[in-house]
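1. I would like the atomic coordinates for the input below:
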Amino acid sequence: MPRAFTEAERVRIEHALKQAAREALLGSGLRRTPIDALTRAAGISKGSFYLLFPSKEALAVAVLKDAETTLRAELDAAAEGPEPLRAVLEHVFESVATHPMLALLRDPEELAWLTRSLPAGALDAELADDAAWFGGLIERLRARGVRVDLTGEELAGIGGVALAIEQGRGLLGPARDAVVRRIVDGLLAVSG
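-> This next block holds a predicted model:
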């Protein structure tokens with residue numbers, strides 16, 4: 001049985017495993033990467049992996065949570081500019097399209113793999129957390145005098161729209177950017 005880690009070892013190994021998972025996402029995908037490859041990269045045994053994460057999917061969620069923290073900080077920064085709602089909406093569409101860690105969500109097979117293995121209620125809890133966070137962002141914008149006629153659930157749902165656009169990018173072809181601009185302009189027209 002693997003030995004328990006000190007807190008410092010735990011932090012270092014979790015960081016190494018997350019880094020290995022991020023690299024896997026940029027390569028063949030996390031779903032196709034064996035746990036052995038992740039543990040080799042982190043310098044631990046396969047048994048030790050399970051002291052830190054109950055599954056590879058749990059590691060994927062941890063990587064996504066780190067990306068979410070970064071993206072939320074970026075959205076907060078976007079909300080400070082001269083056209084805050086436009087900047088937030090554009091950043092949602094842009095980050096879903098280009099953020100390397102969101103490749104896990106853009107790939108329908110990776111997304112299906114991840115959502116199939118989530119514990120019951122986990123996805124609903126994440127969606128509720130997103131809605132609450134976006135609700136707080138809306139309140140901060142309104143406190144600055146920005147008119148926003150959206151709820152937190154609706155603004156969070158726009159991320160789902162952005163994801164659907166990226167998953168269907170081939171169907172939109174070169175019109176993708178124009179379609180996104182129209183969506184953003186339409187949302188601003190009804191909200192601002």
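2. buried sites along the helix-or-strand element of the chain with minimal mean pLDDT?
-> Lowest on mean pLDDT, DSSP states H and E among the helices and strands of the chain sits helix 103-106, with a mean of 82. Residues A103, L104, L105, R106 are the ones in helix 103-106 that count as buried (16 or more other CB atoms under 10 Å). Where you see a C-beta, it was placed from the backbone N, CA and C, and this is true even at glycine.
3. next one: stretch 76-90
-> Buried residues in stretch 76-90, counted by 16+ other CB under 10 Å: A78, A79, P84, L85, R86, A87, V88, L89.
4. as CSV, the residues you listed with distance to A125, secondary structure and pLDDT would be great.
-> Below are these laid out as CSV (distance: CB to CB, whole Å; DSSP: H, G, I helix; E, B strand; the rest coil; pLDDT from 0 to 100):
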residue, distance to A125, secondary structure, pLDDT
A78, 25, helix, 96
A79, 24, coil, 96
P84, 28, helix, 96
L85, 27, helix, 95
R86, 30, helix, 95
A87, 28, helix, 96
V88, 23, helix, 96
L89, 25, helix, 96
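5. with respect to V96, which of those is nearest?
-> Nearest to V96 among the buried residues of stretch 76-90: L89, at 11.4 Å, using CB to CB.
6. give me the low-pLDDT residue ranges for the protein?
-> 1-3, 192 (pLDDT under 70).
7. all the helices of it, residue numbers only.
-> Counting by DSSP state H, one finds helices in the chain at the ranges 7-26, 35-42, 46-52, 56-78, 84-98, 103-106, 108-117, 122-143, 152-167, 169-172, 176-191.
8. the fourth one: how far from the chain's middle?
-> Its chain's C-alpha centre lies 5 Å from the corresponding centre of helix 56-78 when counted by CA atoms, centre = their mean, to the nearest Å.
9. go on, the last one?
-> When distances are taken as CA atoms, centre = their mean, helix 176-191 is centred 22 Å away from the chain's centroid.
10. CA atoms of that helix as PDB?
-> The C-alpha coordinates for helix 176-191 follow below in PDB (Å, rounded to 0.1, in the frame of the first residue of the first chain):
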ATOM      1  CA  ARG A 176     -18.300  31.300 -37.300                       C
ATOM      2  CA  ASP A 177     -16.800  34.700 -36.300                       C
ATOM      3  CA  ALA A 178     -19.600  36.600 -38.000                       C
ATOM      4  CA  VAL A 179     -22.200  34.400 -36.200                       C
ATOM      5  CA  VAL A 180     -20.600  35.000 -32.800                       C
ATOM      6  CA  ARG A 181     -20.500  38.800 -33.500                       C
ATOM      7  CA  ARG A 182     -24.200  38.700 -34.300                       C
ATOM      8  CA  ILE A 183     -25.000  36.800 -31.200                       C
ATOM      9  CA  VAL A 184     -23.000  39.200 -29.000                       C
ATOM     10  CA  ASP A 185     -24.600  42.200 -30.800                       C
ATOM     11  CA  GLY A 186     -28.100  40.700 -30.300                       C
ATOM     12  CA  LEU A 187     -27.500  40.000 -26.600                       C
ATOM     13  CA  LEU A 188     -26.300  43.600 -26.100                       C
ATOM     14  CA  ALA A 189     -29.300  44.900 -28.000                       C
ATOM     15  CA  VAL A 190     -31.800  43.200 -25.700                       C
ATOM     16  CA  SER A 191     -29.700  43.700 -22.600                       C
END
